[in-house]
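Asks: 3D model of this:
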Amino acid sequence: MALSKDVRQCVVFVGFQKGCEGTARINPCGTAFFFQGGRHLKGGCYLVTARHVASKLAAPWVVRMNRKGGGAGVVEINRPQDVAWHYHPDPTVDLAVAPLAVPEWADVTPVSADYSLHPFKMKSKRIDAGDLAFVVGLFHLLHGKEENRPIVHGGYIAMLPGDDRIPVTDQYGEESEVEGYLVQANAISGCSGSPVFAIRSLEVEVPPSMFKDPKTMGNSPLNGEIPGSLWLLGIWQSSWKVKGAEIVAVRTDADVKSGMMAPLGMGVVVPVTKLFEILDTPELKNPREEAAAKYRD
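Replies: Now for the predicted structure:
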């Protein structure tokens, strides 16, 4: 199935400007997306990415967004105080959030907070392991010279968060265990910080009269499933990697010496509930509520 254009338009790339000032060429570090609105956030608008991506962004750095009408532009972050990153108190939660408005010239559609998969929504929409999932973000081998070209990686929810925490190794080689989803998708380097969407499945009955030759279908309706509404599952943290020596198809002595790593086909996804835990801290909630009160006045 095809994802709506809005889903791809929430994504932006973050990194360092490449070449002459005033151009939109960048050396990308990762993916980010805009998140705002809904009943919960009211008017707040935020840039969201992985914590390990934000930690690489020493000023000056840029956010590249596509322009209305074509091409791309950058928002320059020249001083550390220009973007105030906020993190979860649990250091194993690989998320970074910063208040940031979308420029008027940008062809960006933020994800609405109302389409977030809280546990209640998971149950009411009957979304579970085996349902479709999509990672929308940066493909570092082909990110677009003059405009962002987000790549859509398709897969499935492989495992829901539970008692077992997922072992990961961070960019500094430190090992830890995190709470998250496992999503089967071959997203590779550059997708860190990408939004991950899940699609609910709807059961339908197809009566025999709908077929070209109803007599061959019998009298009983056929049961089937069709894709339904799209929901924000979480944020892509990293692909679960294995060493080149452990991949039989590409096992060579050179791989072992170079320390090559490749995706196992599984990725760790930070639940969207962790994002709300950051957004509901006083540092972010109070300014949001004050702004909403002024708007009401």
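
Asks: buried set for stretch 112-131?
Replies: Buried residues in stretch 112-131, defined by neighbour count with 16 or more other C-beta atoms under 10 Å: Ser112, Ala113, Ser116, Leu117, Lys121, Met122, Lys125, Ile127, Asp131. (Glycine included, C-beta is placed from N, CA and C.)

Asks: mind listing what the first one touches?
Replies: Ser112 makes contact with Gln36, Gly37, Gly38 under the criterion C-beta atoms under 8 Å, 6 or more residues apart in numbering.

Asks: Which among those residues count as buried?
Replies: Buried residues within those, counting neighbours by 16+ other C-beta under 10 Å: Gln36.

Asks: and the least confident of the contacts of Ser112?
Replies: Lowest in pLDDT among those is Gly38, which has 80.

Asks: Ramachandran angles for that one?
Replies: phi 80, psi -180 (degrees, to the nearest 10).

Asks: sorry, back to before: kindly reformat the buried residues of stretch 112-131 as TSV containing distance to Tyr181, pLDDT and secondary structure.
Replies: Output for these, formatted as TSV (distance: C-beta to C-beta, whole Å; pLDDT from 0 to 100; DSSP: H, G, I helix; E, B strand; the rest coil):
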residue	distance to Tyr181	pLDDT	secondary structure
Ser112	20	91	strand
Ala113	19	92	helix
Ser116	14	93	strand
Leu117	10	92	coil
Lys121	14	89	helix
Met122	11	89	helix
Lys125	15	86	coil
Ile127	11	90	coil
Asp131	11	90	coil
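
Asks: element containing Arg39?
Replies: According to DSSP states H and E, Arg39 maps onto helix 38-41.

Asks: swap that for Trp231, sorry
Replies: Assigned by DSSP H and E, Trp231 falls within strand 222-243.

Asks: quick one, helices of the stretch 101-250 of the chain?
Replies: 119-124 (DSSP state H, counting those that start in this stretch).

Asks: so where's it shaky on pLDDT?
Replies: Scanning the stretch 101-250 of the chain for pLDDT under 70 picks out 140-142, 163, 169-174, 187-189, 203-204, 206-228, 240-250.

Asks: and Gln184, bridged to which residues?
Replies: Tyr156, Met266 (DSSP bridges).

Asks: ok, now which ones touch it?
Replies: Ala133, Gly155, Tyr156, Ile157, Ala158, Gly265, Met266, Gly267.

Asks: mind checking the longest helix of the protein?
Replies: In the chain, taking DSSP state H as the definition, the longest helix is helix 282-296.

Asks: after the host helix or strand of Val270, next one along is what?
Replies: Secondary structure from DSSP H and E places Val270 in strand 261-271. Next helix or strand after strand 261-271 toward the C-terminus (DSSP H and E): helix 272-279.

Asks: hang on, the earlier thing: tell me the buried residues in the helix holding Arg39?
Replies: Going by neighbour count (16+ other C-beta under 10 Å), the buried part of helix 38-41 is Leu41.

Asks: residues in contact with that helix?
Replies: Here helix 38-41 makes contact (C-beta under 8 Å, 6+ apart) with Phe35, Ser112, Ala113, Asp114, Tyr115, Ser116, Phe276, Leu279, Arg288.

Asks: Quick check: the farthest pair among those residues?
Replies: Farthest apart among the contacts of helix 38-41 by C-beta to C-beta are Tyr115 and Arg288. That separation is 18.4 Å.

Asks: shouldn't Val53 be in contact with Gly193?
Replies: Yes: Val53 lies in contact with Gly193 (C-beta atoms under 8 Å); the separation is 4.8 Å.

Asks: anything in contact with each of these two?
Replies: Here Val53 and Gly193 share the contacting residues Val14, Gly30, Thr31, Ala32, Ala96, scored by C-beta under 8 Å, 6+ apart.

Asks: Just put those in CSV and tack on pLDDT.
Replies: CSV is the format used below for the shared contacts of Val53 and Gly193 (pLDDT from 0 to 100):
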residue, pLDDT
Val14, 94
Gly30, 90
Thr31, 93
Ala32, 95
Ala96, 96
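
Asks: Looking at these, which are in strands?
Replies: Counting by DSSP state E, the shared contacts of Val53 and Gly193 place Val14, Gly30, Thr31, Ala32, Ala96 in strands.

Asks: tell me the contacts of Phe35?
Replies: Each residue near Phe35 by C-beta under 8 Å, 6+ apart is listed here: Cys10, Leu41, Cys45, Tyr46, Val48, Pro110, Val111, Ala113, Leu275.

Asks: Quick one: neighbours of Val53, just the number.
Replies: Neighbour count of Val53, defined by other C-beta atoms under 10 Å: 24.
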